[in-house]
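**Student:** No letters, just coordinates:
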């Protein structure tokens, strides 16, 4: 009752302002007629002043009329949404979307009138048109104060998600993804993943034949959620790591998929799930070679760094998959950040190689008493071979740098040279 009374009082105030403006407008016209018989100079001054007042009043009257129309439309939409038929509710949702888009303050007033709860209840309807109208109105309301997003979450918007993606058309999927994107950006704990419908809905869209735009929006939602450490465990448990790895091979979606994967791989569960995937490290190495996607190269190099750090098993898998030539290529031709990360991984490979070779030249433990020590000649030959490999590597690298400097625009020769010689020129 108090909300209805306040809206009636607001409407009365607007009417009072409207009639006051009309009165001023008529008075200005009367004053202009009385002053018409004055001297010409004085008359011109009054005419200018009168015209100015008239313009101001006209603008004010139009503004007041617009406010009255908006107030009437708001009242009508409110009544239809709460007490009308389903068809009237759909019309009211469309009107609310338009009103909020034109006036941000209207969104706050509607939230106070309980409009959000009614729109959330409409989302669960099986009629596509009504559901879509409600979602669009909620999207506009979500652009307002953060309290609007909290009200939507408290009203159970996440439980209204369709459990069967196939029965939802692509436009509704896209609009719902837009709403989830807005809600997932909220900086508090109200967006809970305890309700598994959210993850099922997102993964269902990402693995369906939805449009690239819809999948891109869903990946943005996953990025927002994966950035919160407390939500990483539930995301990994849902099996989203394999979905992200598959989508990372699509250049239109790769950047956001790798960004989300980079968040998850920092956790123990996320790292383990990534290591156990049959697509790792081959898919990440493939992305690392994308010269036209420098951001993807950086993100792929980052994930490979996390996996290879203090993990001999992963380093061996990467080495067998042919990562060294690709890392060399990136360290020469990639972006500054990609170069830095590639050189870091290469340094780790080199250190591991040296660590494996170091025991051969030092004292042996355990078996040293029963086995024979290495022959001095063999030891000298090994050192000589390593020294030659280092010299060969330096020579080849200098030759590549010179060719790169001389052959402007012909980077293809350099790339083929790196791929063909790098594995032979490096001592690891």
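**Tutor:** All right, it came through fine. Since the structure is predicted, the reported quantities are computational estimates derived from the model, not experimental observations. Residues are numbered from 1 along each chain as shown.

**Student:** which element follows the helix or strand harbouring residue 117 toward the C-terminus?
**Tutor:** According to DSSP states H and E, residue 117 maps onto helix 115-123. Sequence-wise, the next helix or strand downstream of helix 115-123 (DSSP H and E) is helix 128-142.

**Student:** ok so, going back, quick one: the helix holding residue 117 to helix 128-142, angle?
**Tutor:** 150 degrees (axes from the mean of the first three to the mean of the last three CA atoms, to 10 degrees).

**Student:** Can you list the neighbours in contact with helix 115-123?
**Tutor:** Residues from elsewhere that reach helix 115-123, judged by CB atoms under 8 Å, 6 or more residues apart in numbering: 78, 81-82, 89-90, 93, 96, 110, 130-131, 133-135, 137-138, 141, 148, 151-152, 155-157, 160. Bear in mind the C-beta positions are built from the backbone N, C-alpha and C, glycine included.

**Student:** now stretch 171-186
**Tutor:** With CB under 8 Å, 6+ apart as the test, stretch 171-186 has contacts from 128, 131-132, 135-136, 138-139, 142-143, 146, 149-150, 152-153, 157, 161, 165, 168, 191, 198, 201-202, 205, 210-211, 213-214, 217-218, 220-221, 224-225.

**Student:** tell me the domain boundaries of this structure?
**Tutor:** For the chain, automatic domain parsing gives the domain ranges 1-35+44-157, 170-181+196-254.

**Student:** if we can go back for a sec, okay, buried residues for the helix holding residue 117 please.
**Tutor:** Within helix 115-123, the residues scored as buried using 16 or more other CB atoms under 10 Å are 115-116, 118-120, 122-123.

**Student:** Phi first, then psi, for residue 209.
**Tutor:** With angles defined as degrees, to the nearest 10, residue 209 sits at phi -90, psi 30.

**Student:** Around it, count how many other residues there are.
**Tutor:** Applying other CB atoms under 10 Å, we find 9 residues neighbouring residue 209.

**Student:** What of residue 278?
**Tutor:** 8.

**Student:** Secondary structure class of it, three-state.
**Tutor:** With DSSP: H, G, I helix; E, B strand; the rest coil as the basis, the three-state label of residue 278 is coil.

**Student:** any idea of the pLDDT on it?
**Tutor:** Here, the pLDDT recorded for residue 278 equals 93.

**Student:** circling back: show me which of the contacts of stretch 171-186 are buried.
**Tutor:** Among the contacts of stretch 171-186, the ones that count as buried by 16+ other CB under 10 Å are 131-132, 135-136, 138-139, 142, 149-150, 152-153, 157, 161, 165, 168, 191, 198, 201-202, 205, 210, 214, 217-218, 220-221, 224-225.

**Student:** contacting residues for the spatially closest residue to residue 280 that is not a sequence neighbour?
**Tutor:** Residue nearest to residue 280 in three dimensions, not counting chain neighbours: residue 274, with 5.7 Å by CB to CB, 6 or more residues apart in numbering. Contact analysis of residue 274 by CB under 8 Å, 6+ apart lists 241, 245, 261, 264-265, 280, 303, 307.

**Student:** ok so, going back, narrow the contacts of stretch 171-186 to those in helices?
**Tutor:** Judged by DSSP state H, the contacts of stretch 171-186 include 128, 131-132, 135-136, 138-139, 142, 146, 149-150, 152-153, 198, 201-202, 205, 213-214, 217-218, 220-221, 224-225 as members of helices.

**Student:** model confidence over the helix holding residue 117, on average?
**Tutor:** For helix 115-123, the per-residue pLDDT averages 89.

**Student:** when you give positions from now on, start the count at 35
**Tutor:** Got it, first residue is 35 now, which makes that one helix 149-157.

**Student:** That helix vs helix 180-188, what angle?
**Tutor:** Per the same axes, to 10 degrees, the angle that helix 149-157 makes with helix 180-188 is 40 degrees.

**Student:** For the protein, give me the ranges with low pLDDT.
**Tutor:** Scanning the chain for pLDDT under 70 picks out 35-107, 220-224, 228-230, 391-462.

**Student:** Can you classify residue 283 by secondary structure?
**Tutor:** The three-state label given to residue 283 by three-state DSSP is coil.

**Student:** List the contacts of it.
**Tutor:** Per CB under 8 Å, 6+ apart, neighbours of residue 283: 317, 320-321.

**Student:** Between those residues, which sits nearest residue 332?
**Tutor:** Closest approach to residue 332 among the contacts of residue 283 (CB to CB): residue 321, at 10.3 Å.

**Student:** Assign that closest one to helix, strand or coil.
**Tutor:** helix.

**Student:** if I look at it, how far off is residue 358?
**Tutor:** 16 Å (CB to CB, to the nearest Å).

**Student:** The two: which is more packed in?
**Tutor:** residue 321 (23 against 17).

**Student:** Could you report the distance from that one to residue 276?
**Tutor:** 16 Å.

**Student:** that older thread, any chance of the contacts of residue 308 in TSV, with distance to residue 218 and secondary structure too?
**Tutor:** Shown next, in TSV, are those (distance: CB to CB, whole Å; DSSP: H, G, I helix; E, B strand; the rest coil):
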residue	distance to residue 218	secondary structure
275	19	helix
279	21	helix
295	17	helix
298	15	helix
299	20	coil
314	27	coil
337	22	helix
341	27	helix
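
**Student:** before we move on, back to that, just the buried residues of the contacts of helix 149-157.
**Tutor:** 112, 115, 123-124, 127, 130, 144, 164-165, 167-169, 171-172, 175, 182, 185-186, 189, 191, 194.

**Student:** May I see the buried residues of stretch 329-336?
**Tutor:** Buried-residue list, stretch 329-336, by 16+ other CB under 10 Å: 330-336.

**Student:** Which element, helix or strand, includes residue 122?
**Tutor:** Going by DSSP H and E, residue 122 is part of helix 120-136.

**Student:** So what touches that helix?
**Tutor:** 104, 107-108, 110-112, 114-115, 118, 140-141, 144, 149, 152-153, 156, 159, 161, 163-164, 167-168, 170-171, 173-175, 177-178.

**Student:** What's the end-to-end length of stretch 318-335?
**Tutor:** 8 Å (CA to CA, to the nearest Å).

**Student:** And for stretch 145-153?
**Tutor:** 11 Å.

**Student:** rewinding a little: mind putting the buried residues of helix 149-157 in JSON lines, distance to residue 347 included?
**Tutor:** As requested, the buried residues of helix 149-157 are exported to JSON lines (distance: CB to CB, whole Å):
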{"residue": "149", "distance to residue 347": "57"}
{"residue": "150", "distance to residue 347": "52"}
{"residue": "152", "distance to residue 347": "56"}
{"residue": "153", "distance to residue 347": "52"}
{"residue": "154", "distance to residue 347": "49"}
{"residue": "156", "distance to residue 347": "53"}
{"residue": "157", "distance to residue 347": "47"}
